[in-house]
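>>> no sequence for this one, just the structure:
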């Protein structure tokens, strides 16, 4: 199964639209968002891609009521998912993971740091897609996760102009 992994969109509608086009062109079957949509209008843009979305709240998601009205199963992490035959643990801030959460997963997906990371540790894939918004680094990144290969490729959606 091919999953589009994204985090820290922070209301950047241009970056979100570019990421969703990239996901659709790549044939992803679902989107996994590791938090920090920020506002419901950002989540609406993601949902316009008409792909299943699995997500957790981030520390900057203030409008919980508005966000859950659009995505009723949106919740605080850690959240455990079964996708593509793999056990996925999804959380915004990796520091909220206990060892038990880590142990129960084939893939751990997190955001919060805005720094892309793909590593294998103890037989698990650890993945941070970086920041889709590009506000801190100027790079709008997402990841393509292939659950069959237990591998992920980082992709830059576009370069955000920094001031």
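Yep, it's here. Source: prediction; values computed, not measured.
>>> Which residue ranges of the chain form strands?
For the chain, applying DSSP state E gives strands covering 2-6, 30-33, 53-55, 79-83, 86-90, 107-109, 117-121, 124-128, 139-146, 151-159.
>>> between these, which gets nearest to residue 71?
strand 53-55 (6.1 Å; Cβ to Cβ). (C-beta placed from N, C-alpha, C; glycine too.)
>>> Identify each buried residue in the helix or strand bottoming out on mean pLDDT in the chain, please.
Least confident helix or strand of the chain, by mean pLDDT, DSSP states H and E, is strand 151-159 with a mean of 89. By 16 or more other Cβ atoms under 10 Å, the buried positions in strand 151-159 come out as 152, 154, 155, 157.
>>> What is that strand packed up against?
The contact analysis (3 or more Cβ pairs under 8 Å, 6 or more residues apart in numbering; DSSP states H and E) places strand 151-159 against helix 13-26, strand 117-121, strand 124-128, strand 139-146.
>>> got the angle for the third one vs strand 151-159?
Per axes from the mean of the first three to the mean of the last three Cα atoms, to 10 degrees, the angle that strand 124-128 makes with strand 151-159 is 10 degrees.
>>> repeat for the first one
For the pair helix 13-26 and strand 151-159, the angle between their directions (the same axes, to 10 degrees) equals 140 degrees.
>>> Give me the nearest residue to residue 23, chain neighbours excluded.
Leaving aside its sequence neighbours, residue 23 sits nearest to residue 4 (Cβ to Cβ, 6 or more residues apart in numbering; 3.6 Å).
>>> And the buried residues of strand 151-159, which is closest to residue 133?
Of all these, residue 157 has the smallest distance to residue 133: 10.2 Å, by Cβ to Cβ.
>>> one step back: what does the least confident helix or strand of the chain rub up against?
Identification of contacts with strand 151-159 by Cβ atoms under 8 Å, 6 or more residues apart in numbering yields 5, 15, 18-19, 22, 116, 118, 125, 127, 129-130, 132, 134, 138-146.
>>> Please pick the buried ones from the residues you listed.
Using 16+ other Cβ under 10 Å, the buried ones in the contacts of strand 151-159 are 5, 15, 18-19, 22, 116, 118, 125, 127, 129-130, 132, 134, 139-145.
>>> what residues are up against the closest residue to residue 44 other than its chain neighbours?
The shortest distance from residue 44 to any residue other than its chain neighbours is 6.4 Å, reached at residue 70 (Cβ to Cβ, 6+ apart). Applying Cβ under 8 Å, 6+ apart to residue 70 gives the contacts 40, 43, 44, 47.
>>> Cool, thanks, signing off.
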